[in-house]
Each structure stands twice: as C-alpha cells, then as structure tokens.
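Enquirer: 3D, please:
(chains A and B)
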2 protein chains.
Amino acid sequence: MSSRDETLSIFALGGLNEVGKNMYCIQYSDDIIVIDCGNKFPDESLLGIDLIIPDVAFLEENKDNVKALIVTHGHEDHIGGIPYLLKKINIPVFATRFTLGLIELKLEEHKLLRETKLIEIDSDAKLTIGEFIVEFFKVNHSIPDCLGVLFRTSQGNIVHTGDFKFDLTPVNEQYSDIHKMARIGAEGVLLLLSESTNAERSGGTPSEKMVGEQVMEAFIKAEQKVILSTFASNINRVQQVVDAARRTNRKLVLLGRSMINVVEVAIERGYLHVPEGMLIEPNEINEFPPEQVAILCTGSQGEPLAALSRLSTGNFRGVEVLAGDTVILAAGPIPGNEKAVSKIVDNLFALGAHVIYGSGKGMHVSGHGYQEDLKLMLTLMKPKYFIPIHGEYRMLHQHRLLAESVGVAQGATFILKNGEVVDIEHSLARQTRRIHAGDTYVDGVGVGDVGDIVLRDRKQLSEDGMLVIVLTMSKGDKKLLSGPDTITRGFVYVRDSEELLNEMKRLIEKTLKDLKKSGKNQWSTVKQTIKKTISDFLYARTKRRPMVLPIIIEI
Amino acid sequence: MSSRDETLSIFALGGLNEVGKNMYCIQYSDDIIVIDCGNKFPDESLLGIDLIIPDVAFLEENKDNVKALIVTHGHEDHIGGIPYLLKKINIPVFATRFTLGLIELKLEEHKLLRETKLIEIDSDAKLTIGEFIVEFFKVNHSIPDCLGVLFRTSQGNIVHTGDFKFDLTPVNEQYSDIHKMARIGAEGVLLLLSESTNAERSGGTPSEKMVGEQVMEAFIKAEQKVILSTFASNINRVQQVVDAARRTNRKLVLLGRSMINVVEVAIERGYLHVPEGMLIEPNEINEFPPEQVAILCTGSQGEPLAALSRLSTGNFRGVEVLAGDTVILAAGPIPGNEKAVSKIVDNLFALGAHVIYGSGKGMHVSGHGYQEDLKLMLTLMKPKYFIPIHGEYRMLHQHRLLAESVGVAQGATFILKNGEVVDIEHSLARQTRRIHAGDTYVDGVGVGDVGDIVLRDRKQLSEDGMLVIVLTMSKGDKKLLSGPDTITRGFVYVRDSEELLNEMKRLIEKTLKDLKKSGKNQWSTVKQTIKKTISDFLYARTKRRPMVLPIIIEI
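Expert: Numbering: from 1, shown residues only, chains lettered A, B, ... in the order given. Sure, this is the predicted structure:
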C-alpha cells in the first residue's frame, strides 16, 4: 500500500449527463480500474449512427496503468462497449457468472473470446488489483447477479453501487445484501458513487413479485394463446412467466434471437428454472390447443425487426396472433420508443387480440431505485463525499437534494460531467481538472470515423436532398461545352418539376456568361458563384435548401 | 327538406387512426358540410416535411357541392389546414368569435383574409345550410369558445362532439351545456361522432381549476422571478396565471410570437381579463425587483426556437434565468417531445433555477375527456349508431368498448379509416364504400410535391450519405478521358478515407476496362454496373450503403 500522500482520482468516461454508455474510473498511485463499459443508442439527430460508445483515448494513452475492467451487471449500457475497449486495450475482465455469460456472447460475435481474460467472481470475492483491495456486495436489479463494489485504499473506502433497487421480496434469491452494506457503512465510506436513474420519482420501487402476480392472473384468465414480450435480460421476470405457464399447463415458445440466447445462458448457469419439456419450437405450436400455449418474445420496445412487431403485422413466419389471443407488454417503453410501441398495440387490437399494455396495469416495474431506495442506500453508506452517477443532469441534481436530506453535507456532493475529475488528497476531495472524454460513433464497421461534418451533411441531405450540377467546360476559354447536367435526389420529383429545373439551367448559363464577361471566371469562383446563385434561387422558389454540388469537368 | 329516401353519408378526410389533421364530412342529398380542417406534425420518418394536411382531392372533385366549413374550436389540429383548403375551394367558414380570431391570424399570414367569408356564430345559432339545419352546444376544452354540432336531417339527427371534457368548475364560464346535450339526447340521436383522445385513461379528467391552485401556490412561494410556459391557446390557463400574478403583485411579460398574438386576440375579444398596467415589455423587467416579475412564454414542448428553450440556454436577448428563479412547465409533453423537454429542464437546473415539471405536480390537466367523461357524453346522447373519432386505432377501440358498456348496441359502432364511408338510408347505417383520402405533405412552399420517392431518397441520404462518380468518356471508343472524379457527402470524411477512395477509383477503372473488353459497354450498362460494383464494394468494406450516383460525360 502506498502512503496517504498518493492522489486518489475518480472520473467518468460515460454515464454522466446521460442515461447510457456507463464507464467510471478510479485511479490510485497510477493504477486505473475501470468499472463498466456500456453503449448508448443514438437519438434521431445522429443520422445513420448505429451505436455510441465512450471515447477511451485517455485509457489508450495510459494503457500500461489500466489494470482491470470490473463489470457490475450485464445490461447493454454497462457491457455494450466492451468489445471496442478490448480491441484497444487487452485487460482482464471481472464479473459474476451470469454477467460473464452475456459478455461471452458479445465477445464471440466480435471474435474476441479467445484472447480475453475473463475472471469469474461472486459477491464474496476479495481481489488485490494494483494498489487496490476490491470487495463486492449483492444488489438487486432487473437482471440477475448484480454487484456493488467497494474499493479499499489508504485514502479511504470508495463505494460504487452499480444499478440497484431494494426489493425485499426478490425473485430467485436475487436479494440486496443490506447487512453487508450496513457493515461497509459502519466501517466508514469516504466517497459514494450511486446511480440516479429514478431520482425524480417519489416513493419506493415496487417489487418484481407484483409483476409476477399480474402475469399469473392474466395467464389464468386467458382463454387462448398468451404472448408476452419483455426484456430478454430480465430473467427474474422470465422466471415468473415460466411459473405462470407451468401453473396454467402451457408449453412455452421463445421468439427472438436475444430471448433465445439469454434464456439459454440463464438456464445453463442456473439462474432460470424451466420444467423439463415445457419449451417447444415455434413449428410445434399447432400441435397444442391454444389454451396450452404461451409465447415469450422480444420487441417490447417496438423495434421494427423484433418478434413482437413482426407478429403484430402478420409477418412472423409460422406464428399468428389470432382474435381472442392475449398479448402482454411486460415492459415500459424507454423514452423515445412510445410511438413505435403504440403502433404495435394498434395493430394487435386490429387483429382482435386482447392487449394488456401501458402503465397502471402492473405488468412492469422499474429495476432502478426510486427516491426512498436511493435514500436508504445513502443512509446505509453514510458517505463523507457523494458523486451521483448514471443519469441526466436533472436526475443527478435531484439525487444531490436527496443526499443532503439524509445528512450528506452541503458542498460534499460533486455533480460532474464526463471527464471531470475528483481528486482526493489527505482524504479531502476537490474537483479542479478534467481529462478527455467524449462520444465515439459506431456506423457500420466504422468506429469513430463519422464526425460532425459527415453528420451535418447527412442532416442537410435528409431535410432537403441534393442537386448535382455538372458543367463540362473548355480549359482554355472556359466555355460551357455541354450541360449543365443536373441530378437531384430527395429534393423534388423531377417529372413534376421540369419547369423549375429548366429555369434553373437558364440561370446557370446566364451566370456563367456574366462571370466570363466580368473576367471573374477562375474555377473556384465559378463553383462558388453557381452554388450560391442556385441555392438562393431554389430557396426563393421552394423555401428549401438542398445541398448544391457544382462539378466542373475541364476538357 | 328532401324525402327520407336520400342517402346521408359520413366520412373523415383526416383524424381517424391518428391524432391530428381532423376533418370530418357529412353529405346529404349532394350537399357536403365539412367539420374542421386541421394539420398534423410529421414524425421523424418524414424527413424534411414541415406539415401534414388532409388530401382534399375528393372535395375538389365535388367543389360545387361543398357548402360550408364549420370549425369546432381553434386548435391547430382543427384549423391548421384551412388556408390550404381555401386556396382550392372558396367556401364560407363558420366559427365562434375566439376561434375566428385564430383563423384570421392564419389567413392573414397566407394573404387570404380578404377573400374569405367568415361567419361568426355562437352556441345559440341555428343555420340552414343546403339540406341541413345546423345547431350547436357549448363544450369545455383547453381553449375558449368550443362547440359541439347537431345536424338535423330528415334521416335523423347527427351529433359531432368537437373536442371536450366535462369541467364542472370551469374557468371564465367556459362551461359544458349539459342541459342542452340532455335535450338533444332526449329528442333522439341517430348517430354520434365523439372524440377518443383519452379513451385509454380511466376516471374523469381533473378540472382546470386544479392547475390554477398549483400555479397560485408556486407564485406565492417564489422568492424571485417566475417563468411559466404553457400552450398559448390555453387562455383559461393563461387567465389563472394572470390571476396569480395579480395576487402576488407581479408585472407580466409575454415572450414568444404565438403567446403575444393569441393573448392579444383573447383580450380584444373578451376571453381574457388582464388588469390595466400589468403587462410590461421584456426590456422593462430590470425596472422591477425580481419578486415583482412573472414571465409567460411559449416553448413548453421543447421547440428549439421557442422562448423557453432559448431562455434555458441563455440565448434570449435581454431576459435571463437566474439562480433562484422559479420555472414552471405548465403543459405535459406531447408524445415525441419528451426528450426535448427534458433537455430544457436539465439546462434550467444547471442555471440554478427551481424547476417545477413532470406529471404529479398538478401543473397540467388534459383538455380531453377521460373514460368517465366519454361515458357521460354517450349517456347524454344515447345514440343509435356511434363513430369514435379523433384518435389512434387503440383509442377508437377502447371508445367502442366504453360505448357498449353504456348501452350502444353491439355492431352499432363503426371504427373507420379515413375515407371509409358510413351511408345511412331509411335510418339504417352501413359501411360499404370508400372515397379517396390521404396525407398531403407541406415542405417549404411546396404542397403535395414531395412524395414517397423523394422521401425514400432522403432516408437513404440521411443514413449513409452519397457518392457521386463523374466519368468523362470519349463518345466513340468509350475510353475514360479523365477521372474518375468522386464527391462524397455524409458518407465518410474524405481526409480520413483516402485509401478507401483510391481503392475505389482503381476498381472503377478496372470495371470500365472489363466492360470494354467484354463489349458490354452501352452507357446504361456502364452506369448500372459501376453503381452496383461500387455499392457492393463499399458495403463490404464499411457496412454502409451510400447512394451511388454515376454520371457519364460524353465528349
């Protein structure tokens, strides 16, 4: 152990002022441990982008100091960036048995499984990594096998909660180890990092068991097939669907690649208990009467290619939703997905299904603690300093107010941006410096090759399309030899716009003549003038601004 | 009056299976009356489109039969299409005093005010239009001066509710005339058209007065400036803000063009009562201590150019949000706007403001009736036939279930699509035929000139950008004279992709040679082959599909 003079630093490369791409770092005496490496899905302004991952340039520059990646749980916003990180820095990955199962699926896809050092841990593990002693505690969340992390340093103890709620009647023994948390708190916590997703919601999060009761009731009432859609990773909910299927003597069909993969991992590793013979293949459905069939599928977020969407439009080969079937959406729509989900509900009603959806039906509870859960964690840990993590600014802000309401001192909470560093020296925390952090866009196989210029062009193209003007001109006297030829896409439909395009051509010819007459006919001036003249002309006539691209061919 | 042998027909040109662009038609003995003519805002899949209005081709074809437009109230989804309709068919417009005020603003913008015949009515009006006798009844909604409509025909009475809720403690006497509705119901209603927006919500809609109480409390508590954002058209809410400002001795500043315009109309026409001297200009704010100032502004939906958004980023010239100010979002986000609104809340918190937002704060109630309101309307009207209108499919579906629960016979409800017609003959209704209906896109000044092909191109351009390949070739022997020249936009950033682009150029040259060798070098074949070869090459290398546009210049 180093002396108390070494600086202990905490910062995020993702997860602050956003929900997604979580990645937190703790550095002591040069050694860096990374906690989680998630991805985030782009909003509609990031045209064509598939995925956002944290920019890890800082870690690349400090490659030799990065000792380990600890993963708190297996959700995409905590593991989705791992393959991209490992391609740049090969470090050992520590996670629980179920979390590792999901990470392995991902590494296999990226052909990284063999060269990665994966180390299975459980909540009793005690690791020595560089200058840190690392311990863990069980937390409850909407996926099995979740951890909070304790870092012991000579400066003091640092706690990272992972994602959590307190569910006192958990499914499959996925309990929160409140006693261990109390012991850690009693020992003394210098700094707590706690997740803030539901810091805006008052009260405590309802138990997952509530969903089980509603699912059971719906299964008992259903006179035909039941189709239930939820997050594949919510194995505790899947267990309750399995239980309801058993109780009502139904066979169970899994639809959707991620549902099939995750359920397989969960059964194999002992996190999901399915009776022998219950699972059947889609093509076996018709061998059973409808009241003996249940379907568990992906697509609860309205994803157009997922199973539920295809079922709702009659496009899932071999499986049909019939009038009188019961369809349950056992997942709340993530903000931004509401419209896509509503469209599916519309289509299911039109097929004559009985659809159970929307809040207030008890078919979904959050995996993230509400205000009372967050206050309980703060009370257990009694931290001297507090960094709210995992949330948009307003969530971090509300979480600070909660912390102050249970005794964290004013001024002891740091609301950080990604890259902003809290340094602790002599057990005193200050926030003064920042390191590089940012978004890296994944587009197709390109990682980081799409930047602001490309996105700005896509935006202009998306709104008003484009117009290419080809001018074939003589090298010497700069006369128009042929053309102007024009091509438009996404601007106007050519057949309906001949007049406009002809008028434009005449304007181009006139502009070229004028330029020649005035002697201002260097190629660059010609290009710029044509571009501006035609842009202005089109805007005046159509109130649209297509991208105008003049191309001059010199002969 | 014609005999009972004439067919009475009902259909929608907009408003069914959607929330927006409401336009319903009733036709009897050739005479057509149109009810409302709204617009709708496009979702993000309609790239670059500004507005959607109903396709009115059917009305144009039957121009001479269209006798009148009756407007139930002044919301955009009921009046936003009027200028476009009037440019095609010049018909008289009937509406109440306040509604006309808003329509006039719109017609003025489109320079149509002078040639339009606007006829002011109130709920006591009794009109004879063609073969119809038309009467009205007051309904309560989130804008003043709303009407339901009764059409008397020799086939029977048809009722259109307009948008409504039952608010028994309304602001400014905007009451629902339940007694008149009861009389109409007692007389007998053959067919009811009733709005379905909140048919999924149980219970009854809370009173607008509840918002007033919350606003008053917040104004009293606020120690500095109060900034409140709501829909400009919700004059009843604006009245309550004015009342709270008066009670707390605050001057009131209006920000945002639509807020200023609508408030002016409302004051002028007697729907809003503002004490003398209360309204001040933005540049006068600093003449008063902060606890004597309130601001009422637009932008509650997160619109990036509206006042609230600009205030939240410090970009509203002359007006600042300071630490300790109170900001109230007195409007729920319309589905699709959640993220934009959240971003504003984040920014306001970062400025140190006290922000009151989100459901559960009592700062917003809906203007549309919940299930108990809808059941009350159905109970009052006791219709023989029922057409749920104004809603997505699932809302229409739930509304049918509500109708059946209060006694409308099974099979007497028609869930229609836009264009589907219910014909009534001998007081018997059947749905057999459809007329043309659809969406017309407004893009810039273009109305209807952007269609599926243009939108499909915009989508491809938006996701992966484009690549223009210019080949200058000799007419005779079809040899490449110069180039290939390439231009890309929205695909890759050229400076980072030189290698890829050079490789591509070599592939183009090789492809041209191969084509020449095999004699398959007609221009069209050359173009198609280059396009396909390069598209495949780029997809294999980047997993992106930019639009590839080969241009051949023959010399």
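Enquirer: residue contacts, A:Gly204?
Expert: Going by CB atoms under 8 Å, 6 or more residues apart in numbering or on different chains, A:Gly204 touches A:166, A:369-373. Every residue, glycine included, has its C-beta placed from N, CA and C.
Enquirer: can you name the residue of the stretch 301-450 of chain A nearest to chain B?
Expert: A:Gly444 (3.1 Å; CB to the nearest CB).
Enquirer: find the nearest non-adjacent residue to that residue, please.
Expert: B:Lys543 (3.1 Å; CB to CB, 6 or more residues apart in numbering or on different chains).
Enquirer: ramachandran angles for that neighbour?
Expert: Dihedral pair for B:Lys543: phi 60, psi 30, per degrees, to the nearest 10.
Enquirer: which ChimeraX command selects the buried ones in the contacts of A:Gly204?
Expert: To isolate the buried ones among those in ChimeraX, judged by 16 or more other CB atoms under 10 Å in any protein chain shown, type:
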select /A:166,369,370,371,373
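Enquirer: identify the residues contacting the residue nearest to A:Lys478 when sequence neighbours are not counted.
Expert: Spatially, and ignoring its direct neighbours in sequence, A:Lys478 is nearest to A:Asn521 (5.1 Å; CB to CB, 6+ apart). Shown in contact with A:Asn521 (CB under 8 Å, 6+ apart): A:478, A:512, A:515.
Enquirer: what about the helix or strand the second one falls within, distance to the chain center?
Expert: The reference is to A:Leu512. Applying DSSP states H and E as the criterion places A:Leu512 in helix A:498-518. Centroid separation for helix A:498-518 versus its chain: 50 Å, with CA atoms, centre = their mean, to the nearest Å.
Enquirer: how is chain A carved up into domains?
Expert: A:8-203+A:366-436, A:208-356, A:452-554 (automatic domain parsing).
Enquirer: returning to what we had before: can you pull the phi/psi pair for the residue of the stretch 301-450 of chain A closest to chain B?
Expert: Phi and psi for A:Gly444, reported as degrees, to the nearest 10, are phi 60, psi -130.
Enquirer: distance check, it against B:Ala540.
Expert: In this view, A:Gly444 and B:Ala540 are 11 Å apart by CB to CB, to the nearest Å.
Enquirer: buried set for the helix or strand just after the helix holding A:Leu512?
Expert: Following helix A:498-518 in sequence order, the next helix or strand is helix A:523-542 (DSSP H and E). Across helix A:523-542, burial judged by 16+ other CB under 10 Å covers A:526-527, A:529-531, A:533-535, A:537-538, A:542.
Enquirer: now do stretch A:269-289
Expert: For stretch A:269-289, by 16+ other CB under 10 Å, it's A:269, A:271-272, A:274, A:279-280, A:285.
Enquirer: for the stretch of helix or strand A:Arg400 belongs to, name the packing helices and strands.
Expert: Using DSSP H and E, A:Arg400 maps to helix A:393-405. Where contact means 3 or more CB pairs under 8 Å, 6 or more residues apart in numbering or on different chains; DSSP states H and E, helix A:393-405 is packed against helix A:371-381, strand A:385-389, helix B:338-350.
Enquirer: show residues contacting that helix.
Expert: So helix A:393-405 is in contact with A:16-17, A:194, A:196-200, A:371, A:374-375, A:378, A:386, A:388-389, A:391, A:410, A:413, A:415, B:342, B:345-347, B:349-350, B:355, going by CB under 8 Å, 6+ apart.
Enquirer: swap the cut-off to 6 Å and go again
Expert: Contact with helix A:393-405 is made by A:17, A:196, A:199-200, A:371, A:374-375, A:378, A:386, A:388, A:413, A:415, B:345-346, B:349-350, as judged by CB atoms under 6 Å, 6 or more residues apart in numbering or on different chains.
Enquirer: now do stretch A:320-339
Expert: With contacts defined as CB under 6 Å, 6+ apart, stretch A:320-339 is touched by A:218, A:222, A:224-231, A:300-302, A:311, A:341, A:348, A:351-357, A:363-364, B:335, B:338.
Enquirer: cool, and stretch A:89-99?
Expert: A:59, A:63, A:66, A:68-71, A:73-74, A:117-121, A:144-145, A:269, A:271.
Enquirer: which of the residues you listed fall in strands?
Expert: Residues of the contacts of stretch A:89-99 located in strands (DSSP state E): A:66, A:68-70, A:118-120.
Enquirer: quick revisit: is the helix holding A:Leu512 positioned near chain B?
Expert: No: counting by CB under 6 Å from any CB of the partner chain, chain B is not contacted by helix A:498-518; separation bottoms out at 9.6 Å.
Enquirer: and that helix, C-alpha only, in PDB?
Expert: Coordinates of the C-alpha atoms in helix A:498-518 are reproduced here as PDB (Å, rounded to 0.1, in the frame of the first residue of the first chain):
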ATOM      1  CA  GLU A 498     -39.400  20.300 -65.200                       C
ATOM      2  CA  GLU A 499     -40.200  23.900 -65.300                       C
ATOM      3  CA  LEU A 500     -38.300  24.700 -62.200                       C
ATOM      4  CA  LEU A 501     -35.300  22.700 -63.400                       C
ATOM      5  CA  ASN A 502     -35.300  24.300 -66.800                       C
ATOM      6  CA  GLU A 503     -35.400  27.800 -65.300                       C
ATOM      7  CA  MET A 504     -32.500  26.800 -63.100                       C
ATOM      8  CA  LYS A 505     -30.500  25.700 -66.100                       C
ATOM      9  CA  ARG A 506     -31.100  29.000 -67.900                       C
ATOM     10  CA  LEU A 507     -30.000  30.800 -64.700                       C
ATOM     11  CA  ILE A 508     -26.800  28.700 -64.600                       C
ATOM     12  CA  GLU A 509     -26.000  29.600 -68.300                       C
ATOM     13  CA  LYS A 510     -26.600  33.200 -67.600                       C
ATOM     14  CA  THR A 511     -24.400  33.200 -64.500                       C
ATOM     15  CA  LEU A 512     -21.600  31.600 -66.400                       C
ATOM     16  CA  LYS A 513     -21.800  34.200 -69.200                       C
ATOM     17  CA  ASP A 514     -21.900  37.000 -66.700                       C
ATOM     18  CA  LEU A 515     -18.800  35.600 -64.900                       C
ATOM     19  CA  LYS A 516     -17.000  35.300 -68.200                       C
ATOM     20  CA  LYS A 517     -17.900  38.800 -69.200                       C
ATOM     21  CA  SER A 518     -16.600  40.300 -65.900                       C
END
